[in-house]
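In: Dropping a prediction and its sequence here:
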Amino acid sequence: MSADGAPFVDDYLAYLLARASTLVSDEFHREVAAAGLGVLEWRVLATLSDAQARTINQLTDIVLAKQPTVTKVVDRLEAAGDVVRGESATDRRQSLVRLTDAGVARVTPLLASARRHEARVLARFGQTQSAQLKDSLRELIEQMTHHR
């Protein structure tokens, strides 16, 4: 029990974040699967959708997977024609990965679907509360990233 008498899992931040993430993500991840993508493939494509090339190392932090796994995902996406990798002469993890036109065409409908899904989830809250929630999560991520 927590200090206020609530069960531990109802008051423990890590559990609350994990449970909220699962509840929010599951429905959309079914759409990702129906589009023929895995969650990590979706995350890579979505991350690259801002037209900014990223290294494998940068992608690992954003897509929440270890470097060897992200490298394999990028290899699959490259074989499918969705991304291209500008090879680094010294370290494959430092090569820049970017979307191809085919990758843009593949991810664009999912980005629109993700926005609709988010709007449905956040419709339960007002605009101010939704903005505060996102701001608080961004601040938590920022703080945790800089205090590793």
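Out: Received the coordinates, thanks.
In: For Ala46, give its distance to Ala35.
Out: For Ala46, the distance to Ala35 equals 12 Å [CB to CB, to the nearest Å]. The C-beta positions use only the backbone N, C-alpha and C, and glycine is treated the same way.
In: can you list residues touching both of these two?
Out: Any residue near both Ala46 and Ala35 by CB atoms under 8 Å, 6 or more residues apart in numbering counts here, and that gives Leu110.
In: low pLDDT regions in this protein?
Out: 1-4, 88-93, 148 (pLDDT under 70).
In: Just the residues contacting the helix or strand containing Thr145, thanks.
Out: In the assignment (DSSP states H and E), Thr145 maps to helix 127-146. By CB under 8 Å, 6+ apart, the surrounding residues in contact with helix 127-146 are Asp61, Leu122, Phe125.
In: For the buried ones among these, write the corresponding ChimeraX selection.
Out: Selection of buried members from those for ChimeraX, criterion 16 or more other CB atoms under 10 Å:
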select :122
